[in-house]
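# with the input below, show me the fold.
(chains A and B)
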Amino acid sequence: SQKIEQNSEALNIQEGKTATLTCNYTNYSPAYLQWYRQDPGRGPVFLLLIRENEKEKRKERLKVTFDTTLKQSLFHITASQPADSATYLCALDSPANNLFFGTGTRLTVIP
Amino acid sequence: SQTIHQWPATLVQPVGSPLSLECTVEGTSNPNLYWYRQAAGRGLQLLFYSVGIGQISSEVPQNLSASRPQDRQFILSSKKLLLSDSGFYLCAWIPPGLRNSPLHFGNGTRLTVT
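Numbers count the residues shown, from 1 in each chain, chains lettered A, B, ... in the order given. The predicted structure is shown next:
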């Protein structure tokens, strides 16, 4: 089965810096990969989707890359703000068309 | 617009008691519906999904069951709760037949089994 690892359980960065979160997978290459944001006590909220034939996707201050050779996706938040503090989850599709999630990285942006 | 409702928001139940969590979706027809569980320090684990009324697929063997009595209603149940059933339960939906569609989550039910 697919194993999904997100680089660290927690990441602290200074306001204004770029946060970089990593998602690695070990098995089959997914057709697409999604990133979600989850605030405490709430359900995850979709941020970005990137397909296997796309190298990079951007949305405002967010950027996602997808390297199928390395089996890795990177999620960047530029000019980070305290409001960006949350847990970020990556999710991969499966042959059964379901989404499987990583354990998440809890990001804290320090003012 | 589409909305998803889950209730209750929090629940404390003794071991051995039954469970019923309900999820309803408004503003769409024939959605694919999902139940996920999130345990402390672990990722979201897919428990059940449904592509239509009465059609339930289970991802992992467990003490739980799911039913879809109506098109936009998804119920998670247990006859006898175990301590290990504690967790954050999330319902989600996507439009039918749309691969790649992002999941739309409810705000979850925090279940504590004592």
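
# show me the contacts for the nearest residue to residue B:106 once chain neighbours are set aside.
Using C-beta to C-beta, 6 or more residues apart in numbering or on different chains and skipping residues adjacent in sequence, the residue nearest residue B:106 is residue B:6, 3.6 Å away. In this view, the C-beta of every residue, glycine as well, is placed from N, C-alpha and C. The contact partners of residue B:6, taken as C-beta atoms under 8 Å, 6 or more residues apart in numbering or on different chains, are B:21-23, B:89-91, B:106-109.

# residue B:39 too?
Counted by C-beta under 8 Å, 6+ apart, residue B:39 has contacts B:45, B:86-88.

# how about residue B:63?
By C-beta under 8 Å, 6+ apart, the contact set of residue B:63 is B:78, B:80-82, B:84-85.

# could you pull out the strands for chain A?
For chain A, applying DSSP state E gives strands covering A:4-6, A:10-14, A:19-25, A:32-38, A:45-51, A:56-59, A:62-67, A:72-77, A:86-93, A:99-101, A:105-110.

# output the below-cut-off pLDDT ranges for chain B.
Scanning chain B for pLDDT under 70 picks out the ranges B:61.

# if we can go back for a sec, element containing the residue nearest to residue B:106?
Using DSSP states H and E, residue B:6 sits in strand B:3-7.

# beyond that strand, next helix or strand please.
Toward the C-terminal end, the helix or strand that comes next after strand B:3-7 (DSSP H and E) is strand B:10-13.

# which elements pack onto the helix or strand following that next one?
With elements assigned by DSSP H and E, the helix or strand that comes after strand B:10-13 is strand B:19-26. The contact analysis (3 or more C-beta pairs under 8 Å, 6 or more residues apart in numbering or on different chains; DSSP states H and E) places strand B:19-26 against strand B:3-7, strand B:10-13, strand B:32-38, strand B:73-78, strand B:87-94, strand B:109-113.

# any chance of these in JSON lines, with distance to residue A:102 too?
Below are the helices and strands packed on strand B:19-26 laid out as JSON lines (distance: least, C-beta to C-beta, whole Å):
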{"stretch": "strand B:3-7", "distance to residue A:102": "23"}
{"stretch": "strand B:10-13", "distance to residue A:102": "26"}
{"stretch": "strand B:32-38", "distance to residue A:102": "12"}
{"stretch": "strand B:73-78", "distance to residue A:102": "23"}
{"stretch": "strand B:87-94", "distance to residue A:102": "15"}
{"stretch": "strand B:109-113", "distance to residue A:102": "21"}
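
# can you count the residues close to residue B:74?
Neighbour count of residue B:74, defined by other C-beta atoms under 10 Å in any protein chain shown: 29.
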